[in-house]
Every structure is written in structure tokens, then in C-alpha cells.
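> Give me coordinates for this.
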Amino acid sequence: MLDICLPGTGGTVPRLDRFLSCCYMRHEGRGLLIDCGEGTQLAVKKAGFSLGRIDLILLTHFHADHCSGLPGLLLSMGNEGRTDPLLICGPRGVDGIVKALTVIAPELPFRIRTRTLSDFDTEDVAGFSVTAFELKHSCPCLGYDVRIRRGGKFDVEKAKARGVPQRLWSKLQKGESLEGFSPEDVLGETRRGIHVTYATDTRPVEIISLMAADADLLVCEGMFEREKRARAAESSHMTMEEAARLAKDAGCRRLWLTHYSPALPDPSVCFGEAESIFPAARLGTDGLTETIRFDDEP
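Numbering: from 1, shown residues only. Sure, this is the predicted structure:
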């Protein structure tokens, strides 16, 4: 299963009633964080999640509302006792941005590694399989497709038919290959895993729907209401209505809207624009949390 949370849902600048947009995912006790604007460490803690268990940070782009909270977050992670290395990924320039921001957090008790991602680059960390894809914003910006992969069930008859010694069954089930045998010798067909797509700070581009095809959840920006379509196009953002059309085209199971304009104090007043197009849409709110389970998981 995967726990997913929107600790913050605001865009541009934080409001007194809304943290900046970010997304926290937890699988088997390990965490992944997408974006880190001002105050993110407070938003995550307020939502009830641990900072010290984050193993991967994905930055969509380098506008301040998506990365300026990094020093405070890293210091808070250290204060929670983290000593394991941390990976931070993002578009080209991520190495320089992280180095610049961590000048004011120079004595962290863990090592930071950075990796530049471009279109369709992948990264596998702590059970998360991530694919980056390019969006259309005013600067280089990435969306992220996150999957929790799931192998087949243990197949006793298959293991016996292939002559696998019983003493190896447990290790093969856990993904090890040894003594000339592989996990495929004891496992059945691969099962559907969990699939979440995240896209914000972008115009509505087809790649979002393609990546979110059959996703359990699409988390997508809905920065503006329909009346501000021209403003959305000018600033390389999108409206709630445009996000809903992407979700409909994708055939995904659900849509969460996020990254609202600070000039939109009550996003619910225009939520109907999205819901009428994609009824499985939901208006994201700070702290919104759900657990996504595997299809055959109770």
C-alpha cells in the first residue's frame, strides 16, 4: 500500500491558511517528497509524517515556491536523527541549486547526492520507481510518474516443476537470484502495482495524460478558474477545467487538484468546473491524506 498526502496546496507564496504545494508519499515506512517550498518541513510535520524517513526528494523546477524550503527541511531531517544518505533529483541545474541552498545548512549529519533528470529518465529508491517527464513551463520543469511495482505470487507448483530446492524459496521470493535460479522460477505473473502521476506548474500537455493512463491517482495543478484562462496561458499554468480534461483523457481513476493561486482564497467556488468534466476529481486541501491499496489488498 501507499500513503499519499498533500501537506500544502498553494502556489507562488504561502498564505496564512495554505502551505505551498508539495506531495509526500510513504511506502513500507520510507518516504518520498515532491517539491519543497518555504515552510514545507512544518507542513509535513503538521500532516503527521516523519521528515527523517524521507529517502528521495524530487524537485519539479527551481522557482522559489518549489525549492526555497530545502535548507530548513534538511536541518529538520538531521534534527530527527537522520544519518542515511539522501538523494535529491530535479531538472538540469539541480546540483548547483542544492549546493547554493545548503550553504546555510553546512553541517548535516547525512550525505546528499544529487542527480539531474531529463525526459523519461528513471530512478529507483526505497521501493519507489520514478520516471521523469518534461512539462511546459516558463523554465525547465518536470512531472513525475511514481510506481510501486508488484511481482507475482509465490507459485509452489512452478517452483517444484523447475526443480527449485525448498531451502531457496524464501530468498527467491524476496528478489534474490542464486545457485542458477531467479525469482521468475518461483513467482507467477506480475500483478498490477500502484501508480501515481504528479504534474504541476505547466500548460496542459498531452504527455501528462499519457503518463497518467490507468493511474490510481493524478495529482495536477488547478491554479486558476475558467475566467482566468488567458492569465493561465500567459504564466504557463492551467485552470481546473484543463486539469480535469487531462484526467478524463488519461482514463485515470482519480484526480486531486492542487497549487492554487494565492488570489483564489476559496478554490471550492470554481471546483464545479472540474467536477462536471471528471466526476472523480477532488479538491486538494492542506493535509489531505489517503491510503492507496493494491487491487487485491483488503
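> what about the strands in the stretch 1-150 of the chain?
Taking DSSP state E, counting those that start in this stretch as the criterion, the stretch 1-150 of the chain contains strands spanning 2-8, 22-27, 30-34, 54-58, 86-90, 112-116, 122-125, 128-134, 142-150.
> How far off centre is the shortest one?
Spelled out, it's strand 122-125. In terms of Cα atoms, centre = their mean, to the nearest Å, the centre of strand 122-125 is found 12 Å from the chain centre.
> again, but for stretch 146-164
For stretch 146-164, the distance between its averaged C-alpha position and the chain's averaged C-alpha position is 28 Å (Cα atoms, centre = their mean).
> quick one: buried residues of that stretch?
Of all the residues in stretch 146-164, those buried under the rule 16 or more other Cβ atoms under 10 Å are 146, 147, 148, 151, 159, 164. For glycine as for every other residue, the C-beta is placed from the backbone atoms N, C-alpha and C.
> Residue 254: which of the strands of the stretch 1-150 of the chain is closest?
Of all these, the one in closest proximity to residue 254, counting by Cβ to Cβ, is strand 2-8 (10.6 Å).
> Name every strand pairing with that closest one and say which way it goes.
Partner strands for strand 2-8, per DSSP bridges, with pairing direction: strand 22-27 (antiparallel), strand 288-292 (antiparallel).
> Please save the CA atoms from stretch 250-265 in PDB.
Only the C-alpha atoms of stretch 250-265 are listed here, as PDB (Å, rounded to 0.1, in the frame of the first residue of the first chain):
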ATOM      1  CA  ALA A 250      -5.900   9.700 -19.200                       C
ATOM      2  CA  GLY A 251      -8.700   7.400 -18.000                       C
ATOM      3  CA  CYS A 252      -7.100   7.600 -14.600                       C
ATOM      4  CA  ARG A 253      -9.100   6.500 -11.500                       C
ATOM      5  CA  ARG A 254      -9.000   9.800  -9.600                       C
ATOM      6  CA  LEU A 255      -7.800  13.400  -9.700                       C
ATOM      7  CA  TRP A 256      -6.600  15.600  -6.900                       C
ATOM      8  CA  LEU A 257      -6.300  19.300  -7.700                       C
ATOM      9  CA  THR A 258      -3.500  21.500  -6.100                       C
ATOM     10  CA  HIS A 259      -1.300  24.500  -6.500                       C
ATOM     11  CA  TYR A 260      -4.000  27.200  -6.200                       C
ATOM     12  CA  SER A 261      -3.300  30.800  -6.900                       C
ATOM     13  CA  PRO A 262      -3.000  33.000  -3.800                       C
ATOM     14  CA  ALA A 263      -5.600  35.200  -5.400                       C
ATOM     15  CA  LEU A 264      -8.100  32.300  -5.100                       C
ATOM     16  CA  PRO A 265      -8.800  32.100  -1.300                       C
END
